[in-house]
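In: after the sequence you'll find the predicted model.
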Amino acid sequence: MTSLAYGALWVFIFAVPWENIIVIPGIGTISRLMGMVAVGFAVLAALMSGRLRRLQPFHVAAVLFVICAGFGVFRTADEERAIGKFGTYLQLLVVLWMIWELAPSFRKQQGLFLAYVLGAYIAVIDTILNYRSAIGTSATRFTAQGFDPNDLGMTLALALPMAWYLGMAYRQPLLRWLCRAYLPLGLVAIGLTGSRGALVASIVALLIVPVSMTRLSPRRIAAGGFLLLASGVAVVWSIPAASWERYGATRAEAAAGVGNLNSRLVVWRMGLRAFTQKPVLGYGTSGFNWAVRSQSHNSYLSVLVEQGLVGFTLYAMMFITVFIRVMRMPTMERRFALVQMATLGVAMLPLVWDDRKPVWVILALLTALAAALPTRTDAVPQFPQRLPRRPMPIAPHRAAS
């Protein structure tokens, strides 16, 4: 039953990056359906095993934050929206538990990271196909079906460090090159979205390449350099001129005071002003839209205004506890996890992602990875201890006949 539960969890995480492509009437996105199946198997597996793993400080912080958000439902002016968001938090708590309970080993955690990368492939392919079908039209931004360009760009950017790390970790050549091939294709799809925030997140994500080069053999360094060169050529050749113009206009728009960035700056100032009115407990779950009459365009500010300093502290503790565990990892895994967390942190800056699946899934996977690594014999080089030399046996002296 545990194997079936893990398989269902794998399919759920595989569906997260492309969940909006398939929406089932009466249920929602495909990942929601897969999540329901995974929960059913996970509960049955837990009941049959009769034991549960001890939770980590990260899980405790997550539970306390969700409890705080639950109390925030009673303080908000938009109760219907608050109940919906609180329900999402509860579902995400269950996802954290499933990852912790069903993926205790390094190999299973690798499999879940691979599931996310393969799911990102689906979104990448759909984006490229939509771009190919729109050639000759006036469209300038392209996405997979059902996705916002900024959301999709960030979702794909989060898979870049995973793909590079798995390309180094896997020993099977097919899996290794399947993960490596995501870099050029993923970067092309991110460029097609026209998301400037995703472009910044991708630059942060690609830091995994130089920080990991010191631990690679010369042959793998050469392969990595070739892959980066191929990625650059693919991006320059594939992205249309309209997207390049959009990226190039960012600095001019900021200087002229127009465009999305400056509109967001206004919203952020209003959000900070609203926070000073209720700094301790905030405006309640989903209270930002009511307090500012606009979306926050920033995950951290959204939590700060809605849950106040109390809730924001608990939310920040989720990241801090993961960071503390990450710093105890072996060198290669620590560098990967730090780049992954940095990419996630940047992705949350321009978007309201405090209740999004990729955020909670990645934090849960890094927590599980940190807990599993100390038991891995291949996490750090292991050298056999030198045994004391045994004295040579002395042949018994034979008396002369």
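Out: Great, that's in hand. All figures in this text were calculated on a predicted structure; none of them were measured in a lab. Residues are numbered from 1 along each chain as shown.
In: quick one: the strands in the protein?
Out: 23-24, 28-29 (DSSP state E).
In: most packed of those?
Out: For the strands of the chain, the largest average neighbour count (mean count of other CB atoms under 10 Å) is found in strand 28-29, namely a mean of 16. Quick note: C-beta positions are derived from backbone N, CA and C, even for glycine.
In: JSON lines for the strands of the chain, including distance to Leu158?
Out: Output for those, formatted as JSON lines (distance: least, CB to CB, whole Å):
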{"stretch": "strand 23-24", "distance to Leu158": "22"}
{"stretch": "strand 28-29", "distance to Leu158": "17"}
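In: can I get the ones you listed in CSV with mean pLDDT and distance to Leu152?
Out: Formatted as CSV, the strands of the chain follow (pLDDT from 0 to 100; distance: least, CB to CB, whole Å):
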stretch, mean pLDDT, distance to Leu152
strand 23-24, 89, 15
strand 28-29, 87, 14
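In: so for Thr76, which of the ones you listed sits nearest?
Out: strand 28-29 (22.7 Å; CB to CB).
In: strand partners of the closest one, parallel vs antiparallel please.
Out: Within its sheet, strand 28-29 is paired with strand 23-24 (antiparallel), according to DSSP bridges.
In: point out where the stretch 1-150 of the chain drops to low pLDDT.
Out: 136-138 (pLDDT under 70).
In: now with 50?
Out: Applying pLDDT under 50 to the stretch 1-150 of the chain picks out no residues at all.
In: tell me where it has helices.
Out: Per DSSP state H, counting those that start in this stretch, the stretch 1-150 of the chain carries helices over the ranges 2-15, 30-49, 57-72, 79-102, 106-134, 149-169.
In: any idea which of those is most buried?
Out: Among the helices of the stretch 1-150 of the chain, highest average neighbours (mean count of other CB under 10 Å) belong to helix 149-169, with a mean of 26.
In: restrict it to CA atoms and write it as CSV.
Out: Taking C-alpha atoms only, helix 149-169 is exported to CSV below (Å, rounded to 0.1, in the frame of the first residue of the first chain):
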residue,chain,number,x,y,z
PRO,A,149,2.3,34.2,-18.2
ASN,A,150,3.9,35.2,-14.9
ASP,A,151,2.7,32.2,-13.0
LEU,A,152,3.9,29.8,-15.7
GLY,A,153,7.3,31.5,-16.1
MET,A,154,7.9,31.2,-12.3
THR,A,155,6.7,27.6,-12.3
LEU,A,156,9.1,26.6,-15.1
ALA,A,157,12.0,28.6,-13.5
LEU,A,158,11.7,26.6,-10.3
ALA,A,159,12.4,23.4,-12.3
LEU,A,160,15.8,24.6,-13.6
PRO,A,161,17.9,23.9,-10.4
MET,A,162,16.1,20.5,-10.0
ALA,A,163,16.9,19.5,-13.6
TRP,A,164,20.6,20.5,-13.3
TYR,A,165,21.0,18.7,-10.0
LEU,A,166,19.3,15.5,-11.1
GLY,A,167,21.4,15.6,-14.3
MET,A,168,24.5,15.3,-12.0
ALA,A,169,23.0,12.9,-9.5
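In: tilt between it and helix 106-134?
Out: 130 degrees (axes from the mean of the first three to the mean of the last three CA atoms, to 10 degrees).
In: what about the helices of the stretch 1-150 of the chain, which gets the closest to Phe142?
Out: helix 106-134 (4.2 Å).
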